[in-house]
Every structure is written in structure tokens, then in C-alpha cells.
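J.: Here you go, sequence then predicted model.
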Amino acid sequence: MGENGNLIRTIDLWKTYEMGAEQVHALRGVTLEIGTNEYVAIMGPSGSGKSTLMNLIGCLDTPTSGEYYLNEKRVSEMDDDELAAIRNKEVGFVFQTFNLLPRATALHNVELPLIYNGTPLQERLAKAKAALEQVELADRMHHRPNELSGGQRQRVAIARALVNNPSILLADEPTGNLDSATGSEIMSLFDRLHQQGNTIIVVTHERDIVAHAHRAIHLLDGRIARDEPRIEDRG
């Protein structure tokens with residue numbers, strides 16, 4: 001747990017890209033704190049900086065300037081190898097496109113992060129099965145992605161994200177490729193995972209997804225425009 005109970009702490013984060021002779025400021029001084037077991041939506045229009053912020057929080061990239069602390073570790077100063085190690089340990093990713101290996105079973109897809117970090121076989125299988133049980137998909141563990149519905153594929157991806165028991169579940173438009181009924185099922189699953197103690201950050205532009213979160217951080221032009229608690233009861 002971070003300082004004052006904060007799992008995530010950013011101080012004046014900037015991310016600047018060189019586009020030819022032009023400088024593009026994707027993030028312009030973002031300062032925020034997210035505590036353990038929070039359920040946060042990060043939202044904003046295209047170009048607002050939400051994907052850039054997600055990449056920084058998820059240790060996929062480093063800021064141009066500013067500081068980022070994850071679980072009391074100063075991530076903003078880490079090199080690529082250190083970032084990869086902390087990413088594997090602390091962050092579970094869920095993507096819009098599922099990112100599953102097409103020829104691998106659900107069980108093997110869920111095992112992958114444990115293979116990368118050297119977990120022994122028996123422990124790996126036990127953890128992967130437990131993660132699939134958490135998303136109510138144990139009966140499909142030997143199916144390949146093409147034998148599963150879109151919602152089931154996303155459940156496999158969520159199980160893979162959970163298998164390392166990460167500090168953060170980081171989801172990028174997790175229902176973007178699903179119909180509304182299936183999307184609602186996936187969001188109900190996130191609600192349940194949050195109740196079980198997981199810290200969840202969802203990056204989205206969909207208002208019905210945001211309604212599940214307990215806090216919404218609105219980005220505009222690389223800055224925090226609004227940071228609102230408990231928005232779920234609004235119409």
C-alpha cells in the first residue's frame with residue numbers, strides 16, 4: 001500500500017511526443033491519487049490523454065517529466081527491464097480486443113503470465129484454474145478462443161489479468177467489442193471483483209460503463225478536467 005493508503009500516486013506527470021518538428025503534449029501535468037480497492041473510471045474524448053495515462057499507470061511507458069509511485073515504488077525512474085518486472089507483478093491488463101492466443105486453450109492463455117515469471121507447473125495450473133473459476137468459466141478451460149463467445153473470451157482475458165493477484169486490474173474499453181447485454185455481464189463481473197477487494201481502473205468513453213465505477217476522472221487536453229466521486233446514481 002502506498003503512502004497514506006494510496007496505491008497509485010502521480011505528481012505533475014507530463015508526456016510529450018516529438019512529431020517531426022512539432023511537440024505534442026499528450027499529458028500536461030496530471031496529479032492524482034488512487035487508493036487500494038478503489039473503482040475508478042478514466043474518461044475523456046479521443047486525444048484527451050486517457051490512453052497515455054493508462055500506459056503510464058500500467059508501466060507500459062514512462063513520463064517525459066513528473067513522478068509516478070506504484071505501491072511505494074518510484075516507477076517513473078525505472079528502466080525497461082524493471083518496468084516489465086513490476087508490470088508482471090502489479091498490473092493485470094484487460095484489453096478491448098481480448099489479446100488471446102488463438103491456438104491455445106483458455107487454461108493455457110490464463111497460464112501465460114505465470115510461465116513468463118517462472119511459476120512451477122503444478123502451482124501454475126492450480127492458479128490458472130482458480131482464476132477461471134473466479135470468472136465462472138471453469139467448464140470451458142479446455143476450449144480455444146474460436147470455440148468461445150465474445151463474452152467468454154473477455155472472461156478468459158480477465159482471468160489471465162487476475163492470475164498473478166495483481167495490485168491493479170487495468171481495463172481499456174473492456175466492453176468495446178461486445179453487445180450491450182454481454183457488456184453488462186462483464187461489468188457485473190467487475191463489480192463482483194471489486195467487492196472481493198480488487199482495485200479496478202477502467203479507461204472508457206461509454207457512460208453506462210462509467211456508471212459502475214465509484215469515481216470518474218475526466219481528462220481533457222491532457223489535464224484532469226473533473227474528478228467526481230460516486231457517480232453511479234446519476235441519471
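T.: Okay, I see it. Residues are numbered from 1 along each chain as shown.

J.: Just the pLDDT for Asn181.
T.: No, residue 181 isn't Asn; it's Ala. Predicted confidence (pLDDT) for Ala181: 92.

J.: looking at this, it is in a helix?
T.: Yes. Counting by DSSP: H, G, I helix; E, B strand; the rest coil, Ala181 falls inside a helix.

J.: neighbours around it, how many?
T.: By the criterion of other Cβ atoms under 10 Å, Ala181 has 8 neighbours. Backbone N, C-alpha and C define where each C-beta goes, glycine included.

J.: The one 4 residues further on now?
T.: Glu185 has 15 neighbouring residues, counting by other Cβ under 10 Å.

J.: Can you check the pLDDT for it?
T.: For Glu185, the model assigns a pLDDT of 93.

J.: List the residues that contact it.
T.: Applying Cβ atoms under 8 Å, 6 or more residues apart in numbering, we find Glu185 in contact with Gly151.

J.: what does Val30 give?
T.: Applying Cβ under 8 Å, 6+ apart, the residues near Val30 are 10, 12-13, 49, 53, 66, 219, 222-224.

J.: Most neighbours among these, which one?
T.: Counting by other Cβ under 10 Å, top hit in these: Leu53 with 27 neighbours.

J.: so what does whichever helix or strand it is part of touch, helix or strand wise?
T.: Using DSSP states H and E, Leu53 sits in helix 50-57. Where contact means 3 or more Cβ pairs under 8 Å, 6 or more residues apart in numbering; DSSP states H and E, helix 50-57 is packed against strand 6-19, strand 22-35, strand 39-43, strand 65-70, strand 168-172, strand 199-204.

J.: Compute the inter-axis angle for the third one and strand 6-19.
T.: In this case it means strand 39-43. Angle between the axes of strand 39-43 and strand 6-19 is 20 degrees (criterion: axes from the mean of the first three to the mean of the last three Cα atoms, to 10 degrees).

J.: tell me the angle strand 39-43 makes with strand 168-172.
T.: Using the same axes, to 10 degrees, strand 39-43 lies at 30 degrees relative to strand 168-172.

J.: That concludes my questions; thank you for your assistance.
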